Structures are given as C-alpha cells and as structure tokens.
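A.B. asks: need coordinates for the following:
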Amino acid sequence: MNKVWQKVDDLIMGCDKIILSTHEKPDGDGLGSAIAFYYYLKTLKKDVKIIQPSPFPQQYKIIDPDSIVETYSENSNEYIKSSDLLILFDIGNYKRAKNVSSIAIDNNIDIACIDHHKNDNLEIFKAFVIDIDIPATGLLVWKYLKYKGLDASWNIKIHNALYTALVTDTGSFRYNNTTSEAHDM
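C.D. replies: As a prediction, this is how the structure comes out:
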C-alpha cells in the first residue's frame, strides 16, 4: 500500500492549487473525507477548495464549522480551470462529481481518487487508492494521514470529519462491513 500512497503523495506535493470533491447528494463519508483532507492540505500551505456538485446537507454542518464546503456554480469555473489537481472522494464514478470533474477533464487537470467503491473508469485518474474491502473512504484518508506520520495531535476538525465518515458508512458500527481496523480508527 505504501507505493500506492507514495504515488498519490507525489502528485499532491507537486501541486499548489487543489480542488476536493465527492459525489452529488453527498453523504458523511464523502464530505468527511474531503473536509479532513482539506484541513490536512492547509497544513501544507496548499491553496485548496472543496467544491461540491450539489448543495451541502445541513445535517453535516457540525463537520464544517468554518463553512469551507462550496456548492458548484459558474463562479467556480475559473478556480477549477486554474487548479493543478482534483481529488475525488467516495465517488464510485468520476461522472458523479458532475461539472467539477467535467471542467477538470476538459482543462487537462490531473485527477486523483481515494475511494472504497469499485470504479470502472480508472484510466481517468493520474493516481488512485481504491480498496473495496474497507468500510469507508474516511478510513482510507485516516490510513493516508498515518502514512504521512500524523499522530494524535491532529486538530479536532479532522477528527470530527473522519469520525463522521466512518460512522456514516458503518451504520454506527452496526453494519457487517465494520472491521477491527474501523474500531481502531
């Protein structure tokens, strides 16, 4: 797994301006993963935005206390076009990011993916980490942050976002996909 993370990490480190997104009608896993990654990228001094293809569900407001998640509008076009990288979380298919991924593709912007869903269009990604045996994309983000050597000093915003991601996709640890690693996280 370290080689896969290294490819994603090399791509991120070579970029200055990054867009994060998930699927339309986002859930806690996609949003939590993107929000946690946003705060991580800010520690690296990256110019980063989360641009969603559909409105932010208010039940997740607790994981976005700074209102960092933007809903796509035509005003987003210039930022997307001038970005170096789009990272998609919990997407299943890049087309589910609607205009966000379409604009990136049309402007030859590199796209990466971190996901726990099967993806049929892997050729679109410059780098990806996809593990369909893991219960939530947020667990993959947690593994990446551990790979980067981050420890318990992460800020509470990252913790809340990743916990929401995990709780959402494990049904509060009741679904059959819940693993010992999920409990460890």
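A.B. asks: show me the contacts for I103.
C.D. replies: The neighbours of I103, taking Cβ atoms under 8 Å, 6 or more residues apart in numbering as the test, are 77, 80-81, 109. Where you see a C-beta, it was placed from the backbone N, CA and C, and this is true even at glycine.
A.B. asks: buried among the residues you listed? Need that as a selection in ChimeraX.
C.D. replies: Command for ChimeraX that selects the buried part of the contacts of I103, burial taken from 16 or more other Cβ atoms under 10 Å:
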select :80,109
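A.B. asks: closest to V167 among the contacts of I103?
C.D. replies: V167 lies nearest to I80 out of these, by Cβ to Cβ, at 30.3 Å.
A.B. asks: wait, the closest one sits on N107?
C.D. replies: Yes: taking contacts as Cβ atoms under 8 Å, I80 lies within contact range of N107: 7.4 Å.
A.B. asks: about what we covered before: dump the contacts of I103 to JSON lines, plus pLDDT.
C.D. replies: Conversion of the contacts of I103 to JSON lines gives the following (pLDDT from 0 to 100):
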{"residue": "N77", "pLDDT": "97"}
{"residue": "I80", "pLDDT": "98"}
{"residue": "K81", "pLDDT": "98"}
{"residue": "I109", "pLDDT": "98"}
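A.B. asks: make JSON lines out of the contacts of I103 and add secondary structure and distance to F173.
C.D. replies: Listed next are these as JSON lines, based on DSSP: H, G, I helix; E, B strand; the rest coil; distance: Cβ to Cβ, whole Å:
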{"residue": "N77", "secondary structure": "helix", "distance to F173": "41"}
{"residue": "I80", "secondary structure": "helix", "distance to F173": "36"}
{"residue": "K81", "secondary structure": "helix", "distance to F173": "41"}
{"residue": "I109", "secondary structure": "coil", "distance to F173": "37"}
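A.B. asks: what comes into contact with the helix or strand bottoming out on mean pLDDT in the chain?
C.D. replies: Each helix and strand of the chain was given a mean pLDDT (mean pLDDT, DSSP states H and E); the minimum falls on helix 180-184 at a mean of 80. In this structure, residues lying in contact with helix 180-184 by Cβ under 8 Å, 6+ apart are 134-136, 139, 166, 170, 173.
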